[in-house]
Every structure is written in C-alpha cells, then in structure tokens.
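Undergrad: sharing a sequence plus its predicted fold:
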Amino acid sequence: MASSSSSSSCSSSSEKKITLKSSDGEALNVEKNVALEFEPAKGFLEDNSEEADDEAIVVPLPNVSAAVLSELIPYVKQRLELSAKPVQKKLIKAFDDQFTRHLSDDKLGELMLAANYLGVNYLLDVLCDVTADRIKNKSVEYVREFLGIQNDFTPEEEAELRAQCPWAFEGVDQD
Amino acid sequence: MSIPLDVITEILSLLPVNSLMRFGCVSKQICALIDSPEFIKLHIRFFSANMDSLDIAVQLLDHPLDSCPKNPIKVIGSCNGLLALPRYWRNKVYLLNPSTKKHQLLPNIVFDSESHYNIPVISQFGFGYDASTDDYKMVRIVMSTKQVFVYSLETNSWKRVQDFSHHSSSTIRLRGGGAFAGGALNWVEVKSDCCPLLIIALITAFDLKHENFFAVPLLLRKN
C-alpha cells in the first residue's frame, strides 16, 4: 500500500505483477513484492523506476532456470506472508523443513546457486544448514561430487592426509 | 554444478571437526580453507554460539602422550576446545585439541638462579585466549615463591611477569582452576588459616591482555 499506485485505483502494490525472464527464456509473472526479494530484480526495478507501467517491465535473470524460479517464487511468497506475522519463528522453521525435506541433492545444489545469485539470504542459510546435515557423515568422494570439486591431490598425497587422521574415516555412511 | 567458495565456506563452518578432518582430502583449496585461521575462528564462533548438543561433550578422551595408569589425567585449563593437561611428575604441560588429536608439549620454564635448586611443585595453572593479540596463553603461578610465568602459544615460550602478591599475611590458597571468563583467568582466593570455616575473600583474576592481577569484588560476603 505504501508505494504510489498511480493509475489503477483498486490494485494494491502487492498485487502488482512483474515479469521475470529465466535463463531458458520463459517469462514468469510474479507479485512485485516477491520480485523485490531478488537482489538483481530489485536493482533492475530501481534502475527502471521511471517506467510508468510495471506490467511492461521484463526483468532478465540469466542465471536461473524457469524450473528453479517456479520453486523459488512460491517459497518466497509464503515466507513473506509468514514473516509479516508476529512471532512466527516456529512456523517459519516448520515451513523451511517442509520445503527442504524432499529436495534431491541436485535440486538442493541448484537452489543454493540460485539463492546465492538472487541474494535470498534466509533461504541460502536454510539450504546451507540442510547441506551440512546431509554431508556431515558422508565420504570424501560424495562431497566432491556434491559440491562439484575436482580432486587435485595425487594418490600419494591423499593417502598421506588420510593416514594423519584415520579415525575421521570411521563410521562414514554409505554414499 | 559448482558452488561458490563463500557458500562452501558457510556449509563447512556448520560441520563438526570430525567431518572437517575428513574433508581436508576433498581438494587442496578445501584443505587450505579448513586450515586457515579465518575459518577456524568462524568455526569456533558458530560452535560456541550453538552449544545445544551435549551428546558429543562426554566421550572417552583418547590422549596421545600419557599412558601411565597410576596418574589420572586432570584438565588444568580449557578454552575454545583446547585442553591444557599436566604431566606433573615431569613438571610439564601440554595442550591438546581432542577433536583433531593434535597436541603440543610446552617448553620448560627456565627458573632463575635463586630458585633453581628449590624446584617448585605446587603451582596454579590457567589457560585462556587473548583476543587483543589473537594468542592463547598459559599462566603458571608458583605458590611457594609467588612467581608468575606466562606462556604464549604464538611465541611458544614462557616469560616471567610481576609476582603474585597480596596484602594479607595469612596463607592464601587459590581454588577454582583459573576459569577463563571475560578475557581473564579467575581463581577464588581462600584464606585458610584465620578461621576454621573457609571464608571466600575475593575472586582474583589475571588479565590476559595486560598480564596483571586484579581483584573482582564479590557482591555477597558470608561471615
């Protein structure tokens, strides 16, 4: 309600729609307050604030696919609604748990990249937490794959490192 | 998919030490990251702010140096996950990180000639962190001579500082193991020969930054 709604009298600011364009060229309509949660979109909207009609603005997000965006948008929307209410920490925690519980490792990684790029720090924190929990009992190989890191140790160097702390390799989960 | 290093850093900072020891093998960059002082501080900060899990707090300590069953190990100081342990029969102290199992034996104190033949036995120790110099310090008070020595992990050496003195003529004992709080090591100072009941006189603290003693007044005093 705070923003100046110039033309249409009945539409509030939260109902204003912005168009986001994903890396794979899809256009997604989102409420302006949701779009403002994405740093690049916020910057773009500020730079183009002289544009009279928000509906005409198309914000390019070249690093995020439509598939990831369509998961992020409902999350952010609901998260905003929850945070608007007083003392909802437990509810937010439950909501975050529900959102992350069934994510595959690949999806978790994709969302993490997107949350980092879009500057959605509350989601990034949650995803980092989930990732840490998921990898803490896993093997070195699993973590390399998960984080997309190339092993640059020679087999001798790696064997030497492993020999320094053999207990750290006990009780590791199956990949 | 490649996750940016700052995000990886955040994820790793949430992991227990055991996992970090293992993930040092992931790559050279990750190994260097985990070993860096900046990361260690980040990790300590997170874990000291989130000590809600006690399930790893009680475990059999597998310590590397001593195997003599007649000498039970006492912890004479602890700070940021490091333990200070004595080897009394050799007047030695070592520091141990029980998570990484790395340890370091502290060098001997070189006593000056006046007390050289009078080898001091009863000492009070304290161990803490000096944020002003980003250094861990061990304090040893030799109760018979009132000499005070400060060890710095940074320089790996002892130095003598101003003696421990007090105005009372009665025998003073220090209790409480030099608890580390507020940048200082704290002992309860007990006068033991003036009254059959123990009277807590005050808390004596050693400021790790300025390396001097100060008294902490108690609000309640029992007679």
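TA: Nice, I can see it. Residues are numbered from 1 along each chain as shown, chains lettered A, B, ... in the order given.
Undergrad: residue B:186 belongs to a strand?
TA: Yes: counting by DSSP: H, G, I helix; E, B strand; the rest coil, residue B:186 is part of a strand.
Undergrad: got a list of what it touches?
TA: B:176, B:178, B:179, B:180, B:203, B:204, B:205, B:206, B:216 (Cβ atoms under 8 Å, 6 or more residues apart in numbering or on different chains). Bear in mind the C-beta positions are built from the backbone N, C-alpha and C, glycine included.
Undergrad: switch to 7 Å and redo it
TA: Counting by Cβ atoms under 7 Å, 6 or more residues apart in numbering or on different chains, residue B:186 touches B:176, B:178, B:179, B:203, B:205, B:216.
Undergrad: what about it, distance to residue B:149?
TA: Using Cβ to Cβ, to the nearest Å, we find residue B:186 at a distance of 18 Å from residue B:149.
Undergrad: can you flag the buried ones in the contacts of residue B:186?
TA: Among the contacts of residue B:186, those classed as buried by 16 or more other Cβ atoms under 10 Å in any protein chain shown are B:178, B:179, B:203, B:205.
Undergrad: and the furthest pair within these?
TA: B:178 and B:203 (11.2 Å; Cβ to Cβ).
Undergrad: quick one: which of the buried ones among the contacts of residue B:186 is nearest residue A:102?
TA: residue B:179 (46.7 Å).
Undergrad: quickly find the element holding the closest one.
TA: Under the criterion DSSP states H and E, the helix or strand holding residue B:179 is strand B:172-181.
Undergrad: parallel or antiparallel, which strands does that strand pair with?
TA: strand B:184-191 (antiparallel) (DSSP bridges).
Undergrad: for residue B:154, give me its contacts.
TA: Residue B:154 touches B:133, B:135, counting by Cβ under 7 Å, 6+ apart.
Undergrad: go on, the one 5 residues further on?
TA: For residue B:159, the contacting residues are B:149, B:150, by Cβ under 7 Å, 6+ apart.
Undergrad: quick one: strands adjacent to the helix or strand hosting it?
TA: Assigned by DSSP H and E, residue B:159 belongs to strand B:157-161. Note on strand B:157-161: by DSSP bridges, its sheet partners are strand B:147-152 (antiparallel).
Undergrad: can you show me the CA trace of the partner strand as CSV?
TA: Extracted C-alpha coordinates of strand B:147-152, given in CSV (Å, rounded to 0.1, in the frame of the first residue of the first chain):
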residue,chain,number,x,y,z
GLN,B,147,56.4,-16.2,40.8
VAL,B,148,54.2,-15.9,37.8
PHE,B,149,55.0,-17.1,34.3
VAL,B,150,53.1,-16.6,31.1
TYR,B,151,53.4,-18.9,28.2
SER,B,152,52.4,-17.6,24.7
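Undergrad: what's it in contact with?
TA: B:106, B:109, B:135, B:137-141, B:158-164, B:211.
Undergrad: residue B:172 contacts residue B:188, correct?
TA: No: proximity of residue B:172 to residue B:188 does not meet the contact threshold set by Cβ atoms under 7 Å, at 10.7 Å.
Undergrad: need the residues touching each of these two.
TA: With Cβ under 7 Å, 6+ apart, residue B:172 and residue B:188 have no common neighbours.
Undergrad: what does chain B put close to chain A?
TA: B:1-4, B:7-8, B:10-11, B:14-16, B:18-19, B:21-28, B:30 (Cβ under 7 Å from any Cβ of the partner chain).
Undergrad: rerun that using 10 Å as the cut-off
TA: Counting by Cβ under 10 Å from any Cβ of the partner chain, the residues of chain B close to chain A are B:1-31, B:62, B:99-102.
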